[in-house]
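In: Give me coordinates for this.
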Amino acid sequence: MPTLSLPHIGKPVWIAFGAIFLLTLLLAAILYFGKVEKTTVEGNAHYTSEEIISMVMEKEWEKNSLYLFFKYRGKSIKGIPFVDKMTVTIQSPHAIHIRVYEKVIAGYVEYLGNYIYFDKDGVVVESSKVKTANVPEIAGLKFDNVTLYQVLPIEDPSLFQSILDISQLLEKYGIQASKIYFDSKLDMTFFFQNVRVKFGDQENIDDKILRLKNILPELDGKKGVLHLENYQKGTKNIVFEMDEEFGKEEEELSQE
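Out: Alright, predicted model coming up:
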């Protein structure tokens, strides 16, 4: 009867098999014991924490502290819209910390169906089909082209710093304007739902915005124009001109 003979496996082959087996065990141990279970995110406003985490650890096997350590050691993550950079810090084998440094957005303009976001220097940082909450539209600026990462070509570039100052004042007082309009004289009108606020120029702008903060609750449900063009600290009465369909044409809002 014929006998079945097994091929002879040399010692080097067994050593190779053993090395592969040990390497597999080591990799499995690293993936298990280095699994990220806690992630903290700091500095994000435009994106949610969940969105930031998915950007850093897009695939399931990337949720490993050792992998992230070697991938991001001494490096920052760039190339994300509205984000200047992100850094990843390994706090423990199971915990990481992501620090987001967002670009400072002063406002946006609409151009050819897109929302064009720019920073304090007027540099276009993003063009998007999506409108971002809490960023005011800036209307009335005149320009004939838009180039990403270049300054919007308006007549007076110093206006960008003014826009940032105004945006920061609004944020300081917890006010969200949907639009800020500049006319040909650079006088400003702020839009809040059905209320338009005539601000005039930037003289006494801090006092005007503080007064606006106190008045806005009184205008809830009303539609018309609030006149703050000539407001100065200490002004007693302010005129609110209501639209005709709301009845009375104007009323005075007392400073007291």
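In: From Y117, how far out is the residue positioned nearest the centre of the chain?
Out: In the chain, the centroid-proximal residue (Cα atoms, centre = their mean) is H46; its distance is 3.0 Å. Distance of H46 to Y117, given as Cβ to Cβ, to the nearest Å: 10 Å. In this view, the C-beta of every residue, glycine as well, is placed from N, C-alpha and C.
In: and if you look at N204?
Out: Using Cβ to Cβ, N204 is found at 29 Å from Y117.
In: neighbour count winner among the two?
Out: Y117 (23 against 18; other Cβ atoms under 10 Å).
In: That one pairs with what?
Out: Listed by DSSP bridges, the beta-bridge partners for Y117 are Y108, E126.
In: Am I right that it is in contact with K131?
Out: No. Checked against Cβ atoms under 8 Å, the pair Y117 and K131 is beyond contact range at 9.9 Å.
In: who touches both of these two?
Out: Shared contacts of Y117 and K131 (Cβ atoms under 8 Å, 6 or more residues apart in numbering): Y108.
In: Going by secondary structure, the residue nearest to F69 when sequence neighbours are not counted is in what exactly?
Out: Leaving out its chain neighbours, the residue that sits closest to F69 by Cβ to Cβ, 6 or more residues apart in numbering is I90, at 5.0 Å. Secondary structure from DSSP states H and E places I90 in strand 83-92.
In: Ends of stretch 51-66, what's the gap?
Out: Distance between the boundary residues of stretch 51-66 (Cα to Cα, to the nearest Å) amounts to 22 Å.
In: Next, the residues that contact it from outside, please.
Out: By Cβ under 8 Å, 6+ apart, stretch 51-66 touches 30-31, 34-36, 39, 41, 44, 47, 67-68, 77, 80, 86, 88, 90, 92-96, 98, 100.
In: Cross those against strands and list the overlap.
Out: Within those, residues falling in strands by DSSP state E are T39, V41, M86, V88, I90, S92, A95, I96, I98, V100.
In: Please save the CA atoms from stretch 109-125 in CSV.
Out: What follows is stretch 109-125, C-alpha atoms only, in CSV (Å, rounded to 0.1, in the frame of the first residue of the first chain):
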residue,chain,number,x,y,z
VAL,A,109,-20.4,88.0,1.2
GLU,A,110,-22.6,86.3,-1.4
TYR,A,111,-21.0,85.9,-4.8
LEU,A,112,-22.1,83.8,-7.8
GLY,A,113,-24.3,81.6,-5.6
ASN,A,114,-21.6,80.9,-3.0
TYR,A,115,-21.0,82.2,0.5
ILE,A,116,-17.5,83.8,0.5
TYR,A,117,-16.0,83.9,4.0
PHE,A,118,-13.2,86.3,4.9
ASP,A,119,-11.0,87.0,7.9
LYS,A,120,-10.0,90.3,9.7
ASP,A,121,-7.7,91.2,6.8
GLY,A,122,-10.3,90.6,4.1
VAL,A,123,-8.5,87.4,3.0
VAL,A,124,-11.0,84.9,1.5
VAL,A,125,-10.6,81.7,3.6
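In: before we move on, back to that, what is the residue nearest to F69 paired to in the beta sheet?
Out: Those that pair with I90 in a beta bridge, by DSSP bridges, are I96.
In: any chance you could map the helices in this protein?
Out: Along the chain, the stretches classed as helices by DSSP state H are 11-33, 49-56, 65-72, 159-172, 205-215.
In: Those: lowest mean pLDDT?
Out: Among the helices of the chain, helix 11-33 has the lowest mean pLDDT, at a mean of 60.
In: Tell me the buried residues in stretch 134-142?
Out: Applying a neighbour-count criterion of 16 or more other Cβ atoms under 10 Å, one finds V135, P136, E137, I138, G140, L141 buried in stretch 134-142.
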